[in-house]
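Participant: please find the sequence and the predicted model below.
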Amino acid sequence: MRPATTVRGRARLATRGLPAVLATTSLLAVAAPGAVAAPVPAAPTAATASTVADAPVPMTGAQLAASWTGPLSTRGRYVVDAHGDRFKLKSGNWAGAQGTYEGSGDVGDVTNHQADQKSNNIPLGLDRTPIARIMADFHALGINSVRLPFANAMIHDTAPVPDAAVTANPQLKGKTPLQVYDAVVAALTADGFAVILNNHTTSYRFCCALDGNERWNSGQSTQQWIDDWVFLVDRYKDNKRVAGADLRNEVRRDTWDDPNWGMGDDHDLYKAFEEAGNRILQADPDLLIIMEGINWQGIPQGMFSHGRPMLTPVRTLSNTLIDSGKLVYSAHFYAYTGPNHTGATGGWQNGETNDPRYQDLTPAQLAQAVDDQALFVTGAGQHFTAPVWISEFGAGGRGSDNAKERAWWADFTDILVKNDTDFAQWPLVGWMDATGRPNDNWALINYDATGRKVTVEDPGDWRAADWNKLINAPARSGPVPQVDHWNMLDLDFADQNRSATMLARPDWSTGNRKGDCPDGQRLTGLGRSDRRGLCTDANRPATAGGTWTVVTDERYVKSDWASGYNKLQCPDNTFAVGYSVNGNAMAALLCAPAAGPLPATGRTVWFDHGDNRPATGGSTGSDWAPGYYKGQCTDGEYLAGVGFTWRWQHGGVPDLLLCRPLV
């Protein structure tokens with residue numbers, strides 16, 4: 001989400017009133033580019049035709065609804081519908097339900113709200129335009145999906161919205177913000193749009209820096225955050241056009257602490273996202289689970305380490321859900337921010353760093369930065385492979401003369417086109433005054449108090465050509481073949497049980513840290529001394545019904561395939577689907593029965609003195625146990641056993657695998 005600014009150039013620091021030292025340690029992206037130069041002519045009437053020749057051909061609601069079938073899932077880097085056809089997320093953000101109050105002054109005063117737009121904690125525009133017309137205006141933009149932000153406060157708010165907030169939609173009078181949100185979800189999905197629920201904020205406060213919304217557990221516990229998600233998921237689970245849960249917006253540093261990725265503590269976004277994602281999938285197995293990377297870490301001053309990691313940690317620590325076909329990653333890009341730039345202005349006292357902004361990069365540098373921070377995730381056949389949705393990007397349009405931002409917008413949309421990337425522009429809806437001047441010239445559609453509109457397609461908005469280039473870009477369509485998955489298990493700090501079958505059963509290795517693969521996958525690799533594992537469904541051997549076996553000794557060993565070593569071996573016609581450790585040492589193997597007979601001959605794969613992974617096949621181009629030796633069976637093999645020793649300096653860690661052919 002953009003910081004709290006208006007196009008009239010009035011920037012509000014989210015740290016206003018705090019001591020300067022706190023502002024400099026926590027100010028993130030608080031000042032957007034410059035003001036509108038002059039009012040535009042009065043808004044055209046609804047009948048005025050767009051002068052942009054390459055504008056999208058609008059679909060009706062019935063046409064959009066007929067073009068895809070929910071629920072959505074993923075195949076490799078693509079989102080697909082229920083028929084396996086590519087569904088490219090061409091989205092916009094309909095903001096408002098996350099709150100617009102800037103945190104200072106009278107909450108009832110519109111000038112204390114983002115861009116002088118008081119949303120009353122519901123999606124913007126419902127006071128000005130009937131919802132059916134808003135739907136038609138969304139169709140005219142060419143989008144097929146809407147990211148719909150909300151605040152946790154909305155779920156618990158029992159006060160009805162003011163009648164004035166829904167003047168153009170009197171059927172919504174007397175309803176709470178959540179009930180209005182219900183009506184918006186129903187209207188969008190009835191008109192064929194896919195809806196992505198987005199947990200944007202905890203409170204209704206907007207936006208960024210020290211606003212109390214820095215982490216998912218700012219102002220609330222992780223448990224409350226997850227409970228709110230499950231509540232909302234249960235509310236919409238019968239509507240298969242409610243397609244995804246975007247878990248949290250722009251996680252960033254607060255005054256004293258950074259979020260992290262994989263440290264196992266209360267600030268661990270990796271841990272929180274997996275816990276929430278799997279709870280949501282247990283409540284509704286049909287939803288996409290969307291995970292945004294860390295938006296900011298570090299104190300934004302040159303003497304301190306700082307930056308915008310986004311998805312970079314996923315290279316070596318990716319997420320594993322109980323359904324491997326439901327994970328989507330997301331990232332945000334704005335011209336005035338940068339890989340190591342907060343987006344603030346006003347010098348170091350206000351949190352500005354001397355690092356380049358994205359708008360300062362050459363086209364080649366920008367493309368490299370976007371790939372390094374996000375799009376690398378779409379590379380095929382890795383443990384992190386998933387679709388990437390750029391769920392926020394945008395620029396000030398009508399009236400803006402920011403040359404650098406204009407060049408960035410053209411370059412950035414070129415990147416999205418070239419990579420066939422899913423996207424969501426920020427924001428869709430804003431207000432304008434009676435002269436036609438937008439309150440928020442970043443919005444693609446602005447409505448005045450009488451319901452007149454001006455859109456990106458009307459004369460005077462420089463973004464139109466690039467917006468239409470993006471909307472109309474050639475894209476993969478039609479059926480997407482099934483893909484193989486590789487998913488990592490990480491037992492560094494806790495269990496990582498990803499089998500829905502085993503989650504429904506008692507603890508299978510009491511007192512030990514344990515991990516098991518998502519149902520349909522098998523264990524195919526282990527790291528030495530780091531407790532990491534790799535799962536795959538390559539060649540998809542079917543699992544039979546019956547008992548899953550926990551192996552803690554050598555009772556199933558029939559030949560000495562590792563003389564002098566301790567061995568854990570699965571029973572015949574079963575394959576390893578999980579493992580447990582005590583410290584770093586092997587404790588047990590979890591073995592699932594195969595649907596048919598499996599070969600009993602095989603080979604040993606030693607990795608006590610170096611990596612031993614196949615030269616080709618799954619996840620060989622990515623490191624799922626960085627800094628440690630790894631052993632991995634080929635895609636045509638199953639893992640039947642693990643050898644280890646308690647000799648000096650070995651400590652019971654895995655030294656070799658028994659790999660057997662699947663056929």
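Facilitator: Alright, I've got the coordinates.

Participant: tell me which element the most centrally placed residue in the chain is part of?
Facilitator: For the chain, the residue nearest the mean C-alpha position is residue 291 (2.6 Å; C-alpha atoms, centre = their mean). If you go by DSSP states H and E, residue 291 is part of strand 288-292.

Participant: what's the first helix or strand after that strand?
Facilitator: strand 297-298.

Participant: what strands line up against that following strand, and which way round?
Facilitator: Its sheet considered, strand 297-298 pairs with strand 306-307 (antiparallel) by DSSP bridges.

Participant: what bits of the chain have low per-residue confidence?
Facilitator: 2-53 (pLDDT under 70).

Participant: hmm, residue 237 is touching residue 284, no?
Facilitator: Yes: Residue 237 lies in contact with residue 284 (C-beta atoms under 8 Å); the separation is 4.3 Å. Backbone N, C-alpha and C define where each C-beta goes, glycine included.

Participant: against residue 311, how distant is the residue nearest to the centre of the chain?
Facilitator: Distance of residue 291 to residue 311, computed by C-beta to C-beta, to the nearest Å: 9 Å.

Participant: give me the common contacts of the two.
Facilitator: Common neighbours of residue 291 and residue 311 are listed as residue 329 (criterion: C-beta atoms under 8 Å, 6 or more residues apart in numbering).

Participant: name the helices or strands packed onto the helix or strand where residue 487 lies?
Facilitator: Using DSSP H and E, residue 487 maps to strand 486-490. Counting contacts by 3 or more C-beta pairs under 8 Å, 6 or more residues apart in numbering; DSSP states H and E, strand 486-490 is packed against strand 513-516, strand 532-536.

Participant: what are the pairing partners of the first one, and which direction each?
Facilitator: What it means is strand 513-516. strand 496-497 (parallel), strand 574-582 (antiparallel).

Participant: which stretches of the stretch 451-600 of the chain form strands?
Facilitator: Remark: strands assigned in the stretch 451-600 of the chain by DSSP state E, counting those that start in this stretch are 453-455, 486-490, 496-497, 513-516, 522-527, 532-536, 549-551, 566-569, 574-582, 585-593.

Participant: just send these back as a markdown table, with distance to residue 120 and mean neighbour count too.
Facilitator: Listed next are the strands of the stretch 451-600 of the chain as a markdown table, based on distance: least, C-beta to C-beta, whole Å; neighbours: other C-beta atoms under 10 Å:
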| stretch | distance to residue 120 | mean neighbour count |
| --- | --- | --- |
| strand 453-455 | 20 | 25 |
| strand 486-490 | 43 | 26 |
| strand 496-497 | 42 | 22 |
| strand 513-516 | 46 | 25 |
| strand 522-527 | 52 | 29 |
| strand 532-536 | 47 | 28 |
| strand 549-551 | 56 | 18 |
| strand 566-569 | 61 | 22 |
| strand 574-582 | 50 | 25 |
| strand 585-593 | 52 | 23 |
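
Participant: quick one: closest of these to residue 73.
Facilitator: Ranking these by proximity to residue 73 (C-beta to C-beta) places strand 486-490 first, at 15.1 Å.

Participant: report the inter-axis angle for the closest one versus strand 532-536.
Facilitator: Using axes from the mean of the first three to the mean of the last three C-alpha atoms, to 10 degrees, the direction of strand 486-490 lies 150 degrees away from that of strand 532-536.

Participant: contacts for strand 486-490?
Facilitator: Contact with strand 486-490 is made by 262, 317-318, 320, 324, 381-383, 385, 496, 498, 515-518, 521, 524, 531-536, 538, 578-579, 618-619, 624-625, as judged by C-beta under 8 Å, 6+ apart.

Participant: just the helices in this protein please.
Facilitator: Shown for the chain, the helices assigned by DSSP state H span residues 20-26, 61-66, 131-141, 152-156, 177-190, 222-236, 269-283, 363-373, 403-418, 464-471, 500-503.

Participant: tell me which of the helices and strands packed on strand 486-490 lies nearest to residue 338.
Facilitator: Nearest of the helices and strands packed on strand 486-490 (C-beta to C-beta): strand 532-536, 32.4 Å.

Participant: spatially nearest residue to residue 425 (excluding sequence neighbours)?
Facilitator: Nearest residue to residue 425, sequence neighbours excluded (C-beta to C-beta, 6 or more residues apart in numbering): residue 92, at 4.9 Å.

Participant: isn't the one you found right next to residue 443, touching?
Facilitator: No: using C-beta under 8 Å, residue 92 makes no contact with residue 443, being 9.3 Å away.

Participant: can you list residues touching both of the two?
Facilitator: Jointly contacting residue 92 and residue 443 under the rule C-beta under 8 Å, 6+ apart are 427, 428.

Participant: looking at the two, which is more packed in?
Facilitator: Shown here are residue 92 and residue 443; by other C-beta atoms under 10 Å, residue 443 has more neighbours (32 against 24).

Participant: with adjacent residues omitted, what lies nearest to the more buried one?
Facilitator: residue 430 is the one closest to residue 443 (C-beta to C-beta, 6+ apart), at 3.0 Å.

Participant: against residue 252, how distant is residue 212?
Facilitator: Distance of residue 212 to residue 252, given as C-beta to C-beta: 12 Å.

Participant: so which of those two has more stuff around it?
Facilitator: The neighbour count for residue 212 versus residue 252, taken as other C-beta under 10 Å, is higher for residue 252 (24 against 15).

Participant: count the residues that sit near the closest residue to that one other than its chain neighbours.
Facilitator: Closest residue to residue 252 apart from its sequence neighbours, by C-beta to C-beta, 6+ apart: residue 296 at 4.0 Å. Number of residues near residue 296 (other C-beta under 10 Å) recorded here: 27.

Participant: residue 296 contacts residue 308, doesn't it?
Facilitator: Yes: counting by C-beta under 8 Å, residue 296 touches residue 308, with 5.6 Å between them.

Participant: hey, what's in contact with both of those two?
Facilitator: Counting by C-beta under 8 Å, 6+ apart, no residue touches both residue 296 and residue 308.

Participant: quick revisit: residue 222 is nearest to which of the strands of the stretch 451-600 of the chain?
Facilitator: With C-beta to C-beta as the criterion, residue 222 lies closest to strand 496-497 of those, at 16.9 Å.

Participant: who's in contact with residue 494?
Facilitator: 264, 271, 513.

Participant: mind putting those in a markdown table, distance to residue 599 included?
Facilitator: Output for the contacts of residue 494, formatted as a markdown table (distance: C-beta to C-beta, whole Å):
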| residue | distance to residue 599 |
| --- | --- |
| 264 | 39 |
| 271 | 39 |
| 513 | 31 |
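
Participant: from those, pick the one nearest residue 176.
Facilitator: Taking C-beta to C-beta as the measure, residue 176 sits nearest to residue 271 out of these, at 32.6 Å.

Participant: what residues are up against that closest one?
Facilitator: Listed by C-beta under 8 Å, 6+ apart, the contact set of residue 271 reads 262, 264, 493, 494.

Participant: for residue 279, grab the count of nearby residues.
Facilitator: Neighbourhood size, residue 279 [other C-beta under 10 Å]: 15.

Participant: from what I can see it touches residue 226, true?
Facilitator: Yes: using C-beta under 8 Å, residue 279 is in contact with residue 226, at 5.4 Å.

Participant: residue 58 and residue 144: what is the separation?
Facilitator: Distance, residue 58 to residue 144, by C-beta to C-beta: 11 Å.

Participant: between the two, tell me which one has more neighbours.
Facilitator: Neighbour count, other C-beta under 10 Å: between residue 58 and residue 144, residue 144 has more, with 20 against 14.

Participant: grab the nearest non-local neighbour of the more buried one.
Facilitator: Nearest residue to residue 144, sequence neighbours excluded (C-beta to C-beta, 6+ apart): residue 90, at 5.1 Å.

Participant: so that neighbour bridges to which residues?
Facilitator: Beta-bridge pairing for residue 90 (DSSP bridges): residue 423.

Participant: again with residue 429
Facilitator: Beta-bridge partners, per DSSP bridges, of residue 429: residue 445.

Participant: contacts only, for it.
Facilitator: Counting by C-beta under 8 Å, 6+ apart, residue 429 touches 94, 95, 96, 123, 124, 125, 134, 443, 444, 445, 446, 447.
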